[in-house]
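# Dropping the sequence and predicted coords here.
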Amino acid sequence: FRFGMRQVILPRLDDWHRRELSVAAVLQEFAHLTIDQHLRVAWGRLAQDPRRDASVFLRDGDRLIRRSGYEGGRTATRLRQAIGWLHQLSLLQGGHLTGEGR
């Protein structure tokens, strides 16, 4: 249920191109995808440990509700971790995608 370039992002890009959506419509759909993923991760953590609710947004049908403030620095450590995973999976080398990473 989490983002994957091949499984989620690239097919969505093709779909948006085929449907000839405006940039605003694409950004709206992408925002909903991103928030949905955020909620799935937060709910997964909450299921493992009920004291650990990391959600910033709540969703009620098509309505999104901001639950808490967002601190921009929170993503910095995740980016470093994601880049580390890309290196471990041999998808990134020397700051560039490998053949497998493409």
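Yep, it's here.
# Figure out the helix or strand that the residue most central in space within the chain lives in.
The residue lying closest to the centre of the chain (Cα atoms, centre = their mean) is T34, at 4.6 Å. T34 belongs to helix 23-48 when assigned by DSSP states H and E.
# which strands and helices sit next to the very next helix or strand once past that helix?
Next helix or strand after helix 23-48 toward the C-terminus (DSSP H and E): strand 57-60. Under the contact definition 3 or more Cβ pairs under 8 Å, 6 or more residues apart in numbering; DSSP states H and E, strand 57-60 sits against helix 23-48, strand 63-66. To be clear about C-beta, it is placed using only N, CA and C from the backbone, and glycine gets the same treatment.
# burial of Q48, as a residue count?
For Q48, the count of nearby residues is 8 (other Cβ atoms under 10 Å).
# wait, what's in contact with it?
By Cβ atoms under 8 Å, 6 or more residues apart in numbering, the contact set of Q48 is empty.
# what's the pLDDT at it?
pLDDT for Q48: 75.
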